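A.B. asks: Structure, please.
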Amino acid sequence: MVKIGILGVGTVGTSVAKILEENSDIIEARAGEKIVVKSGVVKNLSKDRGVSIKLSDDPLDVVNDPEIDIVVELMGGVEEPYALVKKALENGKAVVTANKALLAYHRYELQEIAGDIPLMYEASTAGGIPIIGALRNGLSANHIESIQGIMNGTCNYMLTNMINNGAQYDEILKKSQELGYAEADPTFDVGGFDASHKLLILASIAYGIDAKPEDILIEGIENITGTDVDFAKEFGYEIKSLGIAKKVGNGVELRVHATMIPADSMIAKVDGVMNAVTVVGDRVGETMYYGPGAGGDATASAVISDIVDIVRGNQGPMLGYKKGLESGLTLLSKDEIVTQYYLRLEVDDKSGVLATITSALGEFGISIEAMLQKPTSAESRAQLLFTTHSCKESKMQDAMRSLSGLKVVHGEIAMMRIEK
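C.D. replies: Next up, the predicted model:
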């Protein structure tokens, strides 16, 4: 019999306990041993959790219990769970975590501490989608060329409604909060930070890149308007908030931002709160993984898959490498990103303005691919919407500063990146 201790018996922890009990027959048949939850930890002992397991409010009751074989960490946060996971590993206990923030900041330290002790984390990225296992094992014969992921269901739900139903940002954010998809403070989701943690975990497996959220480009969806949505539709694009990892020579781009992508691409068809990750391998080509990115049962399913793997003895190196990569890939700076761009700016509605804009862009080696002009409520002004050919991020940022200084340009310039 394998005994489990759960740190954090909230939504996911409760589901883990219930599934292990209710599906015990199939789980035991697949794992080869009976798996039971011995105890769990909560902050508030007076709250009914709906599970028949021993509960404590002291995490050390689980971490230091000699009878517990596997510690499941579902607390959230960074430093407190790091200390507890470290202690559990030092006590010789296997660990399963769904904590993406913990791994975004401490995955390499934990790998060093764990050594040959299993530390599994399938549930940390894209909920019930087995993307960690696919990268660590299923695609291990491949050099990974790129990863693109819809990794936040809140953003995808909001953008789907803005594009398909004409909803405005503030309106659909409020509805998302009412439905429980977005928190009262939605910044972590809509600002791209949640997705960035997941992207960093995937990038470590794909490329051996040790980066922190502060090292990469992270932007949210807060500035997308109905005008942007209309332009995207007219020119055959969908707008998705994507986590993107891309190998470029000996470097790797890592970025999270709202992105225009071709409407006929596989990932463009993923709507609502669902998540999806596409991976391009040099041998297998493009593969896509789709499913629920959050929710108690979906995330618990991924947690239990890790528990079963540990019981079977199937676990490999935490981040997928038995030895260091000889290719020595490095993280490219934000300025080195190369892609196409969409710009929206308000300008004077008079002759010569377009020539002024194209001339200003040309100074930075940037050319326009497609353009649309729309009227505004101000009679003497118009909105210019256009896409560019590929250029470096640094050149685009310089060009935007130059455009902002022109007398014919008014207000802030909106920009979105394009991936084809």
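
A.B. asks: Tell me where the stretch 1-150 of the chain has strands.
C.D. replies: Under the criterion DSSP state E, counting those that start in this stretch, the stretch 1-150 of the chain carries strands at the ranges 2-7, 35-41, 54-56, 70-73, 94-97, 119-120, 144-150.

A.B. asks: which residues are contacting the fifth one?
C.D. replies: Residues outside strand 94-97 that contact it (CB atoms under 8 Å, 6 or more residues apart in numbering) are 69-74, 81, 85, 88-89, 103, 114, 117-121, 123-124, 303, 306-307, 310, 315. C-beta: built from backbone N, CA, C; applies to glycine.

A.B. asks: what's the offset of that strand from the middle of its chain?
C.D. replies: Strand 94-97 has its C-alpha centroid displaced from the chain centroid by 21 Å (CA atoms, centre = their mean, to the nearest Å).

A.B. asks: could you dump it to CSV, C-alpha only?
C.D. replies: The C-alpha coordinates for strand 94-97 follow below in CSV (Å, rounded to 0.1, in the frame of the first residue of the first chain):
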residue,chain,number,x,y,z
ALA,A,94,8.5,11.5,-3.6
VAL,A,95,6.7,14.7,-4.4
VAL,A,96,3.9,15.6,-6.9
THR,A,97,3.1,19.3,-7.3
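
A.B. asks: Low-confidence regions, this structure specifically.
C.D. replies: By pLDDT under 70, the weakly predicted segments of the chain are 325-327.

A.B. asks: Need the single longest helix in it, by residues.
C.D. replies: Using DSSP state H to define each element, the chain has its longest helix at helix 296-312.

A.B. asks: between the strands of the stretch 1-150 of the chain, which gets nearest to residue 216?
C.D. replies: strand 144-150 (13.1 Å; CB to CB).

A.B. asks: Name the residues of the very next helix or strand once past the closest one that are buried.
C.D. replies: Downstream of strand 144-150, the next assigned helix or strand under DSSP states H and E is helix 153-165. Neighbour-count burial for helix 153-165, counted by 16 or more other CB atoms under 10 Å, picks out 153, 154, 155, 156, 157, 158, 159, 160, 161, 162, 163.

A.B. asks: Next secondary structure after helix 153-165?
C.D. replies: Counting by DSSP H and E, the element after helix 153-165 in chain order, helix or strand, is helix 169-179.

A.B. asks: Dump the buried residues of helix 153-165 into CSV; add distance to residue 402 as well.
C.D. replies: Converted to CSV, those look like this (distance: CB to CB, whole Å):
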residue, distance to residue 402
153, 38
154, 35
155, 31
156, 34
157, 37
158, 32
159, 30
160, 35
161, 36
162, 30
163, 31
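
A.B. asks: before we move on, back to that, next, the buried residues of the longest helix of the chain.
C.D. replies: Of the residues in helix 296-312, 296-311 count as buried by neighbour count, 16+ other CB under 10 Å.

A.B. asks: can you pull out the strands in the stretch 301-420 of the chain?
C.D. replies: Using DSSP E, counting those that start in this stretch, the strands of the stretch 301-420 of the chain run over residues 330-331, 338-348, 368-375, 381-388, 391-392, 409-418.

A.B. asks: quick one: residue 47 and residue 225, what's the gap?
C.D. replies: Separation of residue 47 from residue 225 (CB to CB, to the nearest Å): 42 Å.

A.B. asks: Residue 186 too?
C.D. replies: For residue 186, the distance to residue 225 - CB to CB - is 18 Å.

A.B. asks: So for those two, which sits in the more crowded spot?
C.D. replies: residue 186 (19 against 14; other CB atoms under 10 Å).

A.B. asks: Who are the contact partners of the more buried one?
C.D. replies: Residues in contact with residue 186 (CB under 8 Å, 6+ apart) are 154, 173, 176, 177.

A.B. asks: could those go into CSV alongside distance to residue 61?
C.D. replies: Formatted as CSV, those follow (distance: CB to CB, whole Å):
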residue, distance to residue 61
154, 34
173, 40
176, 37
177, 35
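
A.B. asks: just those now: which is nearest residue 259?
C.D. replies: The nearest member of the contacts of residue 186 to residue 259, counting by CB to CB, is residue 154 at 16.3 Å.

A.B. asks: ok, now which ones touch the closest one?
C.D. replies: Listed by CB under 8 Å, 6+ apart, the contact partners of residue 154 are 176, 181, 182, 186, 189, 190, 273.

A.B. asks: ok, back up a step: quick one: the longest helix of the chain to chain centroid distance?
C.D. replies: How far helix 296-312 lies from its chain's middle: 20 Å, per CA atoms, centre = their mean.

A.B. asks: Which other helices and strands does it contact?
C.D. replies: strand 2-7, helix 11-22, helix 24-31, strand 35-41, strand 70-73, strand 94-97, strand 119-120 (3 or more CB pairs under 8 Å, 6 or more residues apart in numbering; DSSP states H and E).
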